[in-house]
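>>> compute the structure for the input listed below.
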Amino acid sequence: MNNTRQIELAVDENHEENHKALGWFREVFKKGKDGLFAKIELTKKGAELLTEGAYKYFSPEIVFQKKDEVTGSIVRNLLIGGAFTNRPFFKAMSPLLASEDMVDVAANRHQNGATENGSSILLFNSNNPMFKLLDKLTQLGSLKSINQAQRDDLQACFNETNPEDITDEMKTSFNEVIALFDETETPETPETPEVPESPEEPESPEEPEAPETPEVPEKTVEASEKKINGKEQTVTIKASELEKYKQDAATAANLVREARKSQTQAKVNGMVFSDSNTSGVVQKKNVEELVNFALSLSEKGAAKFFSIIEKMKAVDAGEKGHGGAGGGAETFSAKDEEMITHFTETLKQTREEAIESLKDFKASKSQ
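Model prediction:
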């Protein structure tokens, strides 16, 4: 067991470091294809809790990258302790009852005080995707570069692992290893053993040297065709450059969307009714809905929408709707009714206010 931290590794209760230890790590080892095991020497308290059945799982504590305090080298996937718990961090952990002789050893320790051999706990099953991912990160993280096959293998292990088990540290380690990918790197082939020298044969006439194979230029892509001075011109660029242009265009599009969202948010926030903005016509609870609605419109449509809202006025709780008494009831088309419903539900207007908003909208549209 690599004692990088120069201290004994403890088994805590529910990962709470300030509590008394329930056991001490004595050995960490692989057992064939079964997985990674740890030999634990239980304390009296640990034996009592396991005998009572207080805890069902063992949860290892791992630091995925640490600088060795003595040598200065980087150590990956460092075991720094563990805990008996009922909520293990890694969701695929085996119960303590599945470990070799944990319950029997705990009972013996509790009854007789025996501590001589300790008990073995299964840390990671070799078929556990988490174990495979940690193993790959350790193997590939020490290399200067990785090839396509190694990258694909690591990506497959990452995809098979339960997302809830992947910490931010593991994601960082994964991204660092992926960044080692080199397109020119090819898997190493075993060296051909040297063949014993054979007796020299008479020299044969020298054959003429074969012409050198011309270098294959990087693949180019026909980007566009334009007429310059009346002549049709074909513009070609490298495939890598075209990909960069596409990425830059996507980044620019995202910036434009974010800028429009920020401007729309600010515009709606300025319309919210409050003690300091009594002319506001929008309730705070409707801000997000209005922002999303405005973003769903074209820029021209959103401008008309805000133009209508800006023409409205704040309505007191006791103020009645427009139209006066005794007037004949107006009739509207199905499409107009949809707009009236939208104004009443989205802006929380009365029907009379919604009708006025509809009229303003139609008037601005006809201009």
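
>>> what pairs with the nearest residue to H19 once chain neighbours are set aside across the strands?
Nearest residue to H19 in three dimensions, chain neighbours excluded: E13, at 4.8 Å (Cβ to Cβ, 6 or more residues apart in numbering). Backbone N, C-alpha and C define where each C-beta goes, glycine included. Beta-bridge partners of E13, counted by DSSP bridges, are E16, F84.

>>> got a list of what E13 touches?
H19, K20, L22, L49, Y55, A83, F84, T85 (Cβ atoms under 8 Å, 6 or more residues apart in numbering).

>>> pLDDT value on N292, please?
At N292, the predicted lDDT confidence score is 91.

>>> so Q349 sits right up against I355, yeah?
No - the pair Q349 / I355 is not scored as a contact, 9.1 Å apart, by Cβ atoms under 8 Å.

>>> so how far is T71 from the residue nearest to H19?
To T71, E13 is 33 Å away according to Cβ to Cβ, to the nearest Å.

>>> which parts of stretch 57-75 are buried?
Y57, F58, S59, P60, E61, I62, F64, Q65, V75 (16 or more other Cβ atoms under 10 Å).

>>> send the alpha carbons of stretch 289-307 over as CSV?
C-alpha atoms of stretch 289-307 as CSV (Å, rounded to 0.1, in the frame of the first residue of the first chain):
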residue,chain,number,x,y,z
GLU,A,289,-42.6,34.0,-18.9
LEU,A,290,-42.5,37.4,-20.7
VAL,A,291,-38.7,37.1,-21.4
ASN,A,292,-39.2,33.6,-22.9
PHE,A,293,-42.2,34.8,-25.0
ALA,A,294,-40.3,37.8,-26.3
LEU,A,295,-37.3,35.6,-27.2
SER,A,296,-39.6,33.2,-29.2
LEU,A,297,-40.5,36.1,-31.5
SER,A,298,-38.4,37.6,-34.3
GLU,A,299,-36.6,40.8,-33.3
LYS,A,300,-39.2,42.8,-35.3
GLY,A,301,-42.1,41.0,-33.6
ALA,A,302,-40.5,41.5,-30.1
ALA,A,303,-40.1,45.2,-30.8
LYS,A,304,-43.9,45.5,-31.6
PHE,A,305,-44.7,43.4,-28.5
PHE,A,306,-42.7,45.7,-26.2
SER,A,307,-44.2,48.8,-28.0
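
>>> contact partners of that stretch?
So stretch 289-307 is contacted by R260, K261, T264, Q265, K267, V268, V282, T346, L347, F361, S364, K365 (Cβ under 8 Å, 6+ apart).

>>> and the third one, how many neighbours?
So the one you mean is T264. 19 (other Cβ atoms under 10 Å).

>>> so which strand or helix has it?
helix 239-269 (DSSP states H and E).

>>> go on, F343?
helix 334-346.

>>> run the angle between the helix or strand following that helix and helix 334-346 for me.
Moving toward the C-terminus from helix 334-346, the next helix or strand (DSSP H and E) is helix 351-366. Angle, helix 351-366 to helix 334-346, by axes from the mean of the first three to the mean of the last three Cα atoms, to 10 degrees: 120 degrees.

>>> just the CA atoms of helix 351-366, as PDB, please.
The C-alpha atoms that make up helix 351-366 are tabulated as PDB, following Å, rounded to 0.1, in the frame of the first residue of the first chain:
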ATOM      1  CA  ARG A 351     -60.700  41.600 -20.400                       C
ATOM      2  CA  GLU A 352     -61.300  45.400 -21.100                       C
ATOM      3  CA  GLU A 353     -57.500  46.100 -20.800                       C
ATOM      4  CA  ALA A 354     -56.700  43.100 -23.000                       C
ATOM      5  CA  ILE A 355     -59.200  44.400 -25.700                       C
ATOM      6  CA  GLU A 356     -57.400  47.800 -25.600                       C
ATOM      7  CA  SER A 357     -54.000  46.100 -25.900                       C
ATOM      8  CA  LEU A 358     -55.400  44.200 -28.900                       C
ATOM      9  CA  LYS A 359     -56.500  47.400 -30.600                       C
ATOM     10  CA  ASP A 360     -53.100  49.000 -29.900                       C
ATOM     11  CA  PHE A 361     -51.400  45.900 -31.400                       C
ATOM     12  CA  LYS A 362     -53.500  46.100 -34.600                       C
ATOM     13  CA  ALA A 363     -52.900  49.800 -34.900                       C
ATOM     14  CA  SER A 364     -49.100  49.500 -34.600                       C
ATOM     15  CA  LYS A 365     -49.200  46.600 -37.100                       C
ATOM     16  CA  SER A 366     -51.100  48.600 -39.700                       C
END
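
>>> alright, that wraps it up for me.
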